[in-house]
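Engineer: What shape does this take:
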Amino acid sequence: MLSPCAWRIAPILLVSFLALTSSTSSQVAPAVQSGYEFNDEHVHLTNYIQEGADIHEFLKIMGTRVGRSVLFGIPLQQQWSYRVSGDDAPTYYLSTDAPLYYYSFTDAFIAMAYKSLPPEKRARFDPMITGFDPADMYAADHIRRVLRTFPGVFSGIGEFTIHKEFVSSKVAGGVPSLLDPALDRVLSLAGEVGLVVIIHNDVDVPFPKPDAKPAYLAQMQAVLKRHPGTTIIWAHMGIGRVVRPIVHHAAMIESMLKDPEFKHVYFDISWDEVAKYVAASPESLKISADLFNHFPDRFLFGTDALAPKDSKAYFDTYNDYGPLWPLLTKETSLKVRIENYKRIFDEARRRTRAWEGAHAN
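Structural biologist: Take a look at the predicted model:
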């Protein structure tokens with residue numbers, strides 16, 4: 001019998017058992033050779049007050065363990081309102097009641113950090129555009145503008161957020177929505193250009209009513225289906241710090257992985273909050289390993305480190321997954337840690353550089 005802890009984790013991972021039974025140059029940067037432990041599909045160079053590690057220092061932290069990494073900050077700036085917190089300057093969105101607002105300069109900051117590296121080191125990064133309001137019909141225009149201003153730099157958009165516990169409601173100007181046509185414009189443009197999309201959207205609200213349907217599942221699936229030509233990565237498999245796996249989360253993931261209408265959709269397993277479900281018990285580890293082994297092409301590892309200052313802070317999530325890696329087949333482990341990233345982002349680089357060449361100013 002599974003332990004109580006494993007039963008809490010099983011809903012998100014039981015799908016495995018169900019499945020078993022039922023530069024300004026327009027040239028593509030050279031690929032980094034294999035031999036690293038992982039490629040990082042989800043890391044934030046800066047935090048909610050736009051501070052973080054210098055890219056040269058981050059490269060040292062990556063060292064010989066991490067081959068490639070996405071490069072993005074946080075699209076939201078936490079306001080320091082003296083009326084709210086006085087001299088106590090907040091450094092995180094939970095530190096104050098003051099609002100968050102979109103910080104578009106983050107894209108220029110990321111681009112310039114990337115361009116400060118020599119070409120051979122740029123090859124280890126895939127910068128992402130995040131500094132837009134997904135509820136703004138002009139968001140797609142912002143993305144086009146960034147691509148034309150910094151050709152040869154960006155490979156995708158994200159991580160950006162629609163519904164996220166305690167964050168969305170703090171955003172000045174209104175809560176983003178999966179029903180907003182502004183989001184469709186962004187996803188359509190990403191498909192046209194070839195940009196990878198990393199989207200954070202909780203599948204449910206933090207404290208749902210008993211037996212209620214997941215608040216955002218149907219809306220999220222409808223959005224994904226409307227954009228079959230766009231490569232989309234659903235961050236954290238739709239769960240959060242407080243948003244726990246829904247009762248039928250496993251069946252939901254299984255159905256999406258098997259449904260050809262979602263063949264362009266991938267799931268990342270970034271964040272220590274996700275890792276804690278996976279590594280909570282021997283039972284949960286086995287369920288997780290079976291899941292990933294059965295669908296090895298559809299999952300990507302990422303740290304979700306926030307402005308990492310040292311190796312310990314950066315590698316914590318990878319180490320949290322330590323008990324899982326030996327349980328994966330050699331092929332699955334390589335795909336989840338390295339190859340899925342390389343395949344997806346190499347194609348994004350190729351397509352985006354081609355689009356930039358065809359739409360040069």
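
Engineer: what about the stretch 1-150 of the chain, any weak spots by pLDDT?
Structural biologist: Along the stretch 1-150 of the chain, the model assigns pLDDT under 70 to residues 1-34.

Engineer: so where does residue 121 fall, helix or strand?
Structural biologist: If you go by DSSP states H and E, residue 121 is part of helix 119-122.

Engineer: immediately after that helix, which helix or strand?
Structural biologist: strand 125-129.

Engineer: so how far is that next one from its chain's centroid?
Structural biologist: Computed by CA atoms, centre = their mean, to the nearest Å, the chain-centroid distance of strand 125-129 equals 12 Å.

Engineer: Render the CA-only coordinates of the helix holding residue 121 in CSV, please.
Structural biologist: Taking Å, rounded to 0.1, in the frame of the first residue of the first chain, the C-alpha atoms of helix 119-122 are listed here in CSV:
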residue,chain,number,x,y,z
PRO,A,119,30.3,34.2,-29.8
GLU,A,120,31.5,30.8,-28.5
LYS,A,121,29.9,31.6,-25.1
ARG,A,122,26.7,33.0,-26.6
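
Engineer: Just give me how far that helix sits from the chain centre.
Structural biologist: That offset, for helix 119-122, works out to 23 Å (CA atoms, centre = their mean).

Engineer: So which bits of that helix are buried?
Structural biologist: residue 122 (16 or more other CB atoms under 10 Å). All C-beta spots, glycine's among them, are computed from the backbone N, C-alpha and C.

Engineer: That helix packs against which elements?
Structural biologist: With contacts defined as 3 or more CB pairs under 8 Å, 6 or more residues apart in numbering; DSSP states H and E, helix 119-122 has no helix or strand neighbours.

Engineer: so where's the stretch 151-300 of the chain shaky on pLDDT?
Structural biologist: Using pLDDT under 70, nothing in the stretch 151-300 of the chain is flagged.

Engineer: how about 80 then?
Structural biologist: 166, 245-251, 284, 287 (pLDDT under 80).

Engineer: just the strands in it please.
Structural biologist: 156-161, 196-200, 232-234, 265-268, 299-300 (DSSP state E, counting those that start in this stretch).

Engineer: Including mean neighbour count and distance to residue 277, could these go into TSV?
Structural biologist: Shown next, in TSV, are the strands of the stretch 151-300 of the chain (neighbours: other CB atoms under 10 Å; distance: least, CB to CB, whole Å):
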stretch	mean neighbour count	distance to residue 277
strand 156-161	26	20
strand 196-200	25	17
strand 232-234	23	16
strand 265-268	22	13
strand 299-300	25	14
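
Engineer: Output those as CSV; include the columns distance to residue 142.
Structural biologist: Listed next are the strands of the stretch 151-300 of the chain as CSV, based on distance: least, CB to CB, whole Å:
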stretch, distance to residue 142
strand 156-161, 10
strand 196-200, 15
strand 232-234, 19
strand 265-268, 24
strand 299-300, 26
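
Engineer: buried set for stretch 107-121?
Structural biologist: 107, 109-111, 113-114, 117.

Engineer: right, I mislabeled it, should have said stretch 345-361
Structural biologist: For stretch 345-361, by 16+ other CB under 10 Å, it's 345-346, 348-349, 351-353, 355-356.

Engineer: what does stretch 230-249 give?
Structural biologist: Those buried within stretch 230-249 under the rule 16+ other CB under 10 Å are 230-240, 243-246, 248-249.

Engineer: for stretch 274-289, same thing?
Structural biologist: Buried, per 16+ other CB under 10 Å, within stretch 274-289: 274-275, 277-281, 283-289.

Engineer: I'd like to know which of the residues you listed is nearest to residue 318.
Structural biologist: residue 275 (8.8 Å; CB to CB).

Engineer: For the closest one, which non-adjacent residue is closest in space?
Structural biologist: Spatial nearest neighbour of residue 275, chain neighbours left out: residue 320 (3.8 Å); criterion: CB to CB, 6 or more residues apart in numbering.

Engineer: Contact partners for the one you found?
Structural biologist: 272, 275-276, 279 (CB atoms under 8 Å, 6 or more residues apart in numbering).

Engineer: sorry, back to before: to residue 51, which of the strands of the stretch 151-300 of the chain lies closest?
Structural biologist: That would be strand 156-161 among the strands of the stretch 151-300 of the chain, by CB to CB, at 17.8 Å.

Engineer: who touches that closest one?
Structural biologist: In contact with strand 156-161 (CB under 8 Å, 6+ apart) are residues 42, 44, 70, 72, 75-76, 126, 128-130, 132, 134, 143, 167-168, 176, 186, 190, 195-201, 233, 235, 345, 348.

Engineer: That strand - which strands sit beside it in the sheet, and in what orientation?
Structural biologist: strand 125-129 (parallel), strand 196-200 (parallel) (DSSP bridges).

Engineer: need those strands in TSV with distance to residue 257, can you?
Structural biologist: Shown next, in TSV, are the strands paired with strand 156-161 (distance: least, CB to CB, whole Å):
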stretch	distance to residue 257
strand 125-129	24
strand 196-200	17
